[in-house]
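A.B. asks: fold the following and give me the result.
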Amino acid sequence: MQAVIICGGKGNRLKKIHRFTPKALIKFNRMPNLQYQIYQLKKNGINDFLFLTNFMKKKITSFLKKQNINNCKILSDKNTFGTAGSLIGAKKYLKNEFIVLYSDIFIEFDFNNFIKFSRKKNSDCSVVVQANSHPHDSDTVEYDKYNVINKIIFKNSKAKKINNATASIFYFKKSSIKNIFFKKNLSKDIVKDILPIIIKKKHLYAYKTIEYLNDFGTPDRFRDVKHCIKKGNIKNLSLKNKKTAVFLDRDGVINKELGVGVKNINEFHILPKVGEAIAKLNINNIPCFVVSNQSVLAKKQITLDHFKKIIMFFDMYLSKHKAYVDDFLFCPNYKNIKYKDKKNSFFSKFRKPNPGMIFSLTKKYNINLSKSYLIGDSDTDVLTGKRARVKTILLQGPKIEDYKLNIKPDFIATSLWSAINLILKKIN
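C.D. replies: Below you'll find the model as predicted:
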C-alpha cells in the first residue's frame, strides 16, 4: 500500500506561534509531526511513501532525506495547488490503490482496518469521518446504513449539518481519479473538487471512527493536541484497546422529558450544563454515545427531516461548548409498529431494554462494557444497562414516579453534570 502525504499547507492561522516552521514539521514531544505520521504508517506495514510539497519545500525535503526511507519519492510542482491539485498533478506516480493524509493531523489510527473496510466495500474512495468540536469549520458528510455517502456539506456552509466531519485521511483507487484533470495554477481541494465527482457513482464510503485524529491548524487546536499528549490518554481511543465509554439516554438526560416525546425542534429544550458535561468526557478522551428509543418516528409524530434537524441543532449546541457526541443510535420502532425508513446510518432495530444498541457500538468501537456506564432517567434504562453489564446511573426526574421494575441502579445523580463528575472520580 502506498501512502501519499500532502505537506503543502501554508499554516497561515499558526504563523503567530510557528512562523518559520512548515506545519508538517511542527513538533510534539520533540518529534516533528511528519516523523510521527511516518512511524504510524510503518507500524501498519505501509512502507511506500509519496510526499507532495510546496510551501517551505526545502525544509521538508531536507528533513525527509535524513529519514532514510527506502521507498520514498518527494514531489513539488509550482503549477499545482491545493490538496486536489497536488494529488492530480502527481497522478503518474500513484499506485493502483493508495492512502492520502494531510501532514497537519496528529494521529493514533489503525490504517489496516481502514484499508480492510475499503476493500471489503469495493470502494473507489473511502473517507475517514468522526465527530469533532468544530463541525461548522469542517467538511461533513451524511451516509446510509451501508456507509455509502449521499451528501457532502462544505466547511463554513450556512447549511445545517450532522457532525460527521471528514478527518483528512482517504483511501483511493487510482481508477477513480483517472479521468479527473484540473487547469494549472488553480487551487483545488479533495473534498470540494474530487469527492463530488466520485459520489455520483455511489462508490464513495464513510469510515466512522473515534480514534484520535486531531488537526492542529489553529492555535486552539494545537494547544488541545499538546494537552492530550501531556495527559497521556490518546491511546485510550485506539481501536485495538478496549476502552471505557459512557452511553446516554436522550430525553430526560440531555433534554427536558416531556412524557410524550419530542415532536419538533421547539420542544427540544436542552438541560443545564449538558455541553459542559460532555466536554469533560471529550477532554479526557472517554467516548460518549447516545442510545435512545424514539417511537415518535414510528407513530408519525415527527418527520425524518425534522428529526435530523434536532440532531443538527444539538451538534451545533455542543460545538459552542467545544464538545461532541462520538456516535448515536436511535430505535424508531414502537411495539408492533415498525418504522419504514431503515436506510439511515443512525437507526437501530433494537429497542431498549434490549441492549442491542449498546452491543452494536461496543462491537464497532471495542468498548470495555464492565468499565463503562449508562446514564438514563427510567427503569427501562437501568434494565438495559444491567443486561449490557455496564454500570448504571439513574437521574432524578419525572420518570422516577413511574419506576416499576424491581431493579436498582448502581448510582443515582441529580443531573448529567453530576453524573459525569461521579464517573470521572471513579475512573481517576
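A.B. asks: distance-wise, check residue 246 relative to residue 256.
C.D. replies: Between residue 246 and residue 256 the computed distance is 20 Å (C-beta to C-beta, to the nearest Å). Using the backbone N, CA and C atoms, a C-beta is placed for each residue, glycine as well.
A.B. asks: kindly report the same for residue 189.
C.D. replies: For residue 189, the distance to residue 256 under the criterion C-beta to C-beta works out to 41 Å.
A.B. asks: over to residue 114?
C.D. replies: Relative to residue 256, and taking C-beta to C-beta, residue 114 is found at 39 Å.
A.B. asks: looking at these two, which has the bigger crowd around it?
C.D. replies: In terms of neighbours (other C-beta atoms under 10 Å), residue 114 is the more surrounded of residue 114 and residue 256; the figures are 21 against 15.
A.B. asks: would that one count as being in a strand?
C.D. replies: No - secondary structure of residue 114, determined by DSSP: H, G, I helix; E, B strand; the rest coil: helix, with no strand assignment.
A.B. asks: contacts only, for it.
C.D. replies: With contact set as C-beta atoms under 8 Å, 6 or more residues apart in numbering, residue 114 has these partners: 99, 126, 128, 169, 171, 207, 209.
A.B. asks: ditto for residue 148
C.D. replies: Taking C-beta under 8 Å, 6+ apart as the definition of contact, the neighbours of residue 148 are 202, 204, 205, 206.
A.B. asks: counting neighbours, what do you get for the third one?
C.D. replies: Here the neighbour count serves as a burial measure; for residue 205 (other C-beta under 10 Å) it reads 24.
A.B. asks: tell me if residue 61 really is in a helix.
C.D. replies: Yes - note on residue 61: a helix contains this position according to three-state DSSP.
A.B. asks: could you look up the SS state of the spatially closest residue to it that is not a sequence neighbour?
C.D. replies: In space, and not counting its chain neighbours, residue 61 is closest to residue 74: 5.4 Å by C-beta to C-beta, 6 or more residues apart in numbering. Here residue 74 takes the strand state, with states given by three-state DSSP.
A.B. asks: the spatially closest residue to residue 191 that is not a sequence neighbour: how many residues sit nearby?
C.D. replies: Nearest in space to residue 191, with sequence neighbours left out and distances taken as C-beta to C-beta, 6+ apart, is residue 139 at 4.5 Å. Neighbour count for residue 139, taken as other C-beta under 10 Å: 24.
A.B. asks: begin at 653, not 1, for the rest of this chat.
C.D. replies: Sure, I'll start counting at 653 from here, so that last one is residue 791.
A.B. asks: wait, residue 791 sits on residue 803?
C.D. replies: No - no contact is recorded between residue 791 and residue 803 when judged using C-beta atoms under 8 Å, the distance being 11.2 Å.
A.B. asks: common neighbours of those two, please.
C.D. replies: Counting by C-beta under 8 Å, 6+ apart, residue 791 and residue 803 have no shared contacts at all.
A.B. asks: what's the longest strand along the chain in contact with?
C.D. replies: For the chain, the strand that runs over the most residues, judged by DSSP state E, is strand 817-825. With C-beta under 8 Å, 6+ apart as the test, strand 817-825 has contacts from 746, 748-754, 756-757, 759, 761, 766-767, 770, 775-784, 786-787, 790-793, 842-843, 859, 861, 865, 867.
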